[in-house]
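1. here is my input, please return the structure:
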Amino acid sequence: MKKIIILAILVMTTIFNCTERDLMIMREADREMNERGRECRHNKRGGLESCRFIN
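-> Okay, the predicted model is just below:
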């Protein structure tokens, strides 16, 4: 029983770390786009919807 609980905790920790890392990558990409003078929108799955130039 203890092994199952430990395994569940490790799996949940791994999923959380991957999700947090993906969010950090998306934020970094958005920041770079804004520095270049463009603003892009992403859908819920992280795909690119549209980009526009910032005045």
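
2. tell me the SS of the residue lying closest to residue 41 once chain neighbours are set aside?
-> In space, residue 41 comes closest to residue 49 once its chain neighbours are excluded; the distance is 4.4 Å by C-beta to C-beta, 6 or more residues apart in numbering. (C-beta placed from N, C-alpha, C; glycine too.) The assignment at residue 49 comes out as strand when based on DSSP: H, G, I helix; E, B strand; the rest coil.

3. cool, and the one 3 residues further on?
-> Recorded secondary structure, residue 52: strand (three-state DSSP).

4. ok now do it, which residues does it touch?
-> By C-beta atoms under 8 Å, 6 or more residues apart in numbering, the contact list for residue 52 reads 38, 39, 40.

5. spatially central residue in the protein, please.
-> The geometric centre of the chain, computed from its C-alpha atoms, lies nearest to residue 23 (C-alpha atoms, centre = their mean), at 2.2 Å.

6. next up, identify which helix or strand that residue is on.
-> Using DSSP states H and E, residue 23 sits in helix 2-35.

7. sec struct for residue 44, please.
-> Following three-state DSSP, residue 44 is assigned to coil.

8. same deal with residue 40?
-> strand.

9. which regions of this protein sit below the pLDDT cut-off?
-> For the chain, residues meeting the criterion pLDDT under 70 lie at 18, 55.

10. run the last query once more with 50
-> Counting by pLDDT under 50, the chain contains no low-confidence range.

11. how far off strand 38-42 does the helix holding residue 23 point, in degrees?
-> Here helix 2-35 points in a direction 150 degrees away from that of strand 38-42 (axes from the mean of the first three to the mean of the last three C-alpha atoms, to 10 degrees).
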